[in-house]
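Asks: Sequence first, predicted model second:
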Amino acid sequence: MAEFVPVDPFDLVIFGGTGDLAERKLLPALYHRDRDEQFSVDSLIIGVSRSEISDDEYVTWVHETLTKQFAPNEVDPDVWTRFSARLRHQCLDLKSADGWADLDAKFDPEHERVRVFYLATASSLFGPVAQQLHDADMVDARSRIVLEKPVGQDYPSACAVNDAVGAVFEESQIYRIDHYLGKETVQNLLALRFGNSLFEPLWERGAVEHVQITVAEDLGAGNRFEFYERTGALRDMVQNHMLQLLCLVAMEPPASMHHDDIRNEKIKVLRALKPITRASVDDVTVRGRYTAGIIDDTPVPGYEKEGRDAGVPSDEHDAETFVAIKAEIDNWRWNGTPFYLRTGKRLPRKMSQIVFQFKAVPHSIFGDQSLEPNRLVMSLQPEEGVQLTLMTKEPGPGGFRMRSLPLNLHFSDAFAVNYPDAYERLLMEVLRGNPALFMRRDEIETAWQWIDRIIDNWHAEQIQPEEYMAGSWGPTKSFMLVDRDRRRWFNPAPGRNEAS
Ligand SMILES: NC(=O)C1=CN([C@@H]2O[C@H](COP(=O)(O)OP(=O)(O)OC[C@H]3O[C@@H](n4cnc5c(N)ncnc54)[C@H](OP(=O)(O)O)[C@@H]3O)[C@@H](O)[C@H]2O)C=CC1
Ligand SMILES: O=C1O[C@H](COP(=O)(O)O)[C@@H](O)[C@H](O)[C@H]1O
């Protein structure tokens, strides 16, 4: 039975309190934590936007949106009474110096409660908001600021944002979100690697032939088209989520779970990433963009049509919706073991997994029977679990037939609990003041340096996205990327995540 530990009283401001992120992730997450009685009676949640709406109108809107998203009757009348009593709205243009005193007046005047400023807005507003908070004398040693991803659009803009926020807040007060770090199964990577003595001796170039990290989505850019067109899959998914996953699987064992021990190991991986040069970019990266296709027996439009519907003419489209990269880590542990990264929208299904392909046995004593090298598959979503394929003898008299069989651990079979959404965990960690699951400044900036170089070289080499049909596993070139190295992508079979 999960134990829900209450957090200290707080005032939480959500800048962008009426936006898509607040609506779909933050407010539901806060409701669920309140349902489990983790908030004190006097804690406040203040949504900020330019909309001229009263507290009551905000409460009504939050009720409507939770009711719409939750299962029937999930909004419980008693919990709602408690939750709605803490909701406020403040109309404020974050680009203006006016109105900050009104926001301050909503807070506990004694500054006794933890203050959290959650910036669910474009990152161009992060610096100005930090400055306004400072000028309005709203920041003290107990304040924390949460920055949504992406922090900046490239290395220079990320540095500018970090400088501006860092001029007001200490690094220890800044929580840069990558919601993948809040996923239960991503944390389970640490448990698997460092809670078992079995794997670590094999976790290196001598035993691992290559690694694959796939984050596949069946959804398209949809109603976030304009954001997506400015961003593209490399900036949207690889710069943060995929490089964080890479860090967690490739890093050296940290001395403890202390946030700086883990971050110090992650940054070493980012610094050891082999730069992708103009000469190598066409060989080791793939850009793709989906055309119309069929997913789950349903026809879906192509990216160009979504863009036209959003009022962005197709001759202006630039973003890739799929990226594959052969990444290499130049250090003792991983030299010569490539990490293939792949992410895309409108792929056949939502699925994230990390596959460790081990080397073949050095010599077979079983004649000419083919022996499949062992494979460890860590499934992150939607099903969570671990699968290890092993060679075994087929039962029966006569002959000695070898077969590859999976050893499966499905977490949902082992633990009868509902996993909280990543944002629930991350919000609670902010309220508790534990930055372990958030990114440090140097991680963000080093990741951008690696990514910027790829983008610059795409431009220099005029590499355009190659088309793939929605519902397929990406462009042909992505298959060639691995085929050239005599490897293949492991795509899960429908149903449970058996890599095939
Ligand atoms: N949506 C998602 O799934 C995810 C979003 N993110 C990131 O989170 C951030 C927010 O995204 P999202 O919620 O989708 O964006 P939306 O455009 O849906 O919402 C933006 C919010 O900010 C408010 N806002 C915008 N400009 C101002 C301003 N000048 N002053 C005051 N309020 C302002 C808007 O209200 P109003 O216009 O009324 O002022 C609205 O509440 C982005 O950086 C995005 O990249 C990250 C991961 C996932
Ligand atoms: O940050 C983002 O992540 C989502 C995918 O998150 P998941 O938890 O559903 O795997 C992605 O759709 C979005 O484009 C991106 O901004």
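Replies: Cool, the structure landed. Ligands and ions are numbered 1, 2, ... in the order given.

Asks: And the least confident helix or strand in the chain by mean pLDDT, what does it pack against?
Replies: Of all the helices and strands that make up the chain, helix 411-414 has the lowest average by mean pLDDT, DSSP states H and E, namely a mean of 74. On a contact count with 3 or more CB pairs under 8 Å, 6 or more residues apart in numbering; DSSP states H and E, helix 411-414 meets helix 184-194. Where you see a C-beta, it was placed from the backbone N, CA and C, and this is true even at glycine.

Asks: Would you mind putting the CA coordinates of the helix it packs on into CSV?
Replies: Only the C-alpha atoms of helix 184-194 are listed here, as CSV (Å, rounded to 0.1, in the frame of the first residue of the first chain):
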residue,chain,number,x,y,z
GLU,A,184,8.3,5.5,-12.7
THR,A,185,10.0,3.2,-15.1
VAL,A,186,12.8,5.6,-16.0
GLN,A,187,13.7,5.6,-12.3
ASN,A,188,13.5,1.9,-12.4
LEU,A,189,16.5,2.0,-14.7
LEU,A,190,18.5,3.1,-11.7
ALA,A,191,17.1,0.3,-9.6
LEU,A,192,17.8,-2.3,-12.3
ARG,A,193,21.4,-1.2,-12.9
PHE,A,194,22.5,-0.4,-9.4
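
Asks: Give the buried residues for it.
Replies: By neighbour count on 16 or more other CB atoms under 10 Å, the buried set for helix 184-194 is 184-190, 192-193.

Asks: Whichever helix or strand comes after it pairs with which strands?
Replies: Later in the chain than helix 184-194, the nearest helix or strand by DSSP states H and E is strand 208-216. Sheet pairing for strand 208-216, assigned by DSSP bridges, gives strand 339-344 (parallel), strand 351-358 (antiparallel).

Asks: Go through the ones you listed and name the closest to ligand 1.
Replies: Distance to ligand 1, taken as CB to the nearest ligand atom, is lowest for strand 339-344 among these, at 14.3 Å.

Asks: Let me see the mean pLDDT of that closest one.
Replies: In this model, strand 339-344 has an average pLDDT of 98.

Asks: Can you give the contact residues for it?
Replies: Under the contact criterion CB atoms under 8 Å, 6 or more residues apart in numbering, strand 339-344 has outside partners 210-217, 233, 237-238, 241-242, 246, 250, 288, 290, 321-329, 468, 474, 478, 481-482, 487, 489.

Asks: In helices only, show me those residues.
Replies: Counted as lying in helices by DSSP state H, out of the contacts of strand 339-344, are 233, 246, 250, 478, 481-482.

Asks: just those residues now: which is nearest Arg278?
Replies: Closest to Arg278 out of the ones in helices among the contacts of strand 339-344 is Leu481 (17.8 Å), distances taken as CB to CB.

Asks: so how far is Val284 from that closest one?
Replies: Using CB to CB, to the nearest Å, one gets 7 Å for the distance from Leu481 to Val284.

Asks: what's the overlap in contacts for these two?
Replies: Counting by CB under 8 Å, 6+ apart, the residues touching both Leu481 and Val284 are Lys326.

Asks: out of these two, which sits in the more crowded spot?
Replies: Using other CB atoms under 10 Å, the more surrounded residue of Leu481 and Val284 is Leu481, with 23 against 18.

Asks: For ligand 1, what is the nearest residue in this structure?
Replies: Closest point on the chain to ligand 1, by CB to the nearest ligand atom, is Gly19, at 2.2 Å.

Asks: so who does that residue touch?
Replies: For Gly19, the contacting residues are 49, 120-121, taking CB under 8 Å, 6+ apart as the criterion.

Asks: Any regions of the protein where pLDDT drops low?
Replies: By pLDDT under 70, the weakly predicted segments of the chain are 1-2, 416-418, 493-500.

Asks: Assign the residue of it positioned farthest from its centre to helix, strand or coil.
Replies: Relative to the average C-alpha location in the chain, and by CA atoms, centre = their mean, no residue lies farther out than Gly398, which sits at 51.1 Å. Secondary structure state of Gly398, per DSSP: H, G, I helix; E, B strand; the rest coil, is coil.

Asks: So which residues on this protein come close to ligand 1?
Replies: For the chain, the residues in contact with ligand 1 (CB under 6 Å from any ligand atom) are 16-21, 49-51, 92-95, 120-123, 148-149.

Asks: of these, buried ones?
Replies: 16-19, 21, 49, 92, 94, 120-121, 123, 148-149.

Asks: Dump those residues to CSV, plus secondary structure.
Replies: Listed next are these as CSV, based on three-state DSSP:
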residue, secondary structure
Gly16, coil
Gly17, coil
Thr18, coil
Gly19, coil
Leu21, helix
Ser49, strand
Leu92, coil
Leu94, coil
Ala120, coil
Thr121, coil
Ser123, helix
Glu148, coil
Lys149, coil
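
Asks: Determine which two of the residues you listed are furthest apart.
Replies: Checked with CB to CB, these reach their widest spread between Leu92 and Lys149, with 22.7 Å between them.

Asks: give me every residue that touches Val171.
Replies: Residue 171: Glu, not Val. Neighbours of Glu171 in contact, by CB under 8 Å, 6+ apart: 440-441.

Asks: at 6 Å what do you get?
Replies: When the contact criterion is CB atoms under 6 Å, 6 or more residues apart in numbering, Glu171 has no partners at all.

Asks: mind listing what's buried in stretch 396-410?
Replies: By neighbour count on 16+ other CB under 10 Å, the buried set for stretch 396-410 is Asn408.

Asks: What lies in contact with it?
Replies: Counting by CB under 6 Å, 6+ apart, the neighbours of stretch 396-410 from elsewhere in the structure are 366, 369, 372, 385-392, 394.

Asks: Tell me the buried residues within the residues you listed.
Replies: Buried members of these, scored by 16+ other CB under 10 Å, are 385-389, 391.

Asks: Okay, and which of those map to strands?
Replies: The strands, defined by DSSP state E, take in 385-389, 391 from the buried ones among the contacts of stretch 396-410.

Asks: Need the residues that contact the least confident helix or strand of the chain.
Replies: Contacts of helix 411-414 with the rest of the structure, by CB under 6 Å, 6+ apart, involve 384-385.
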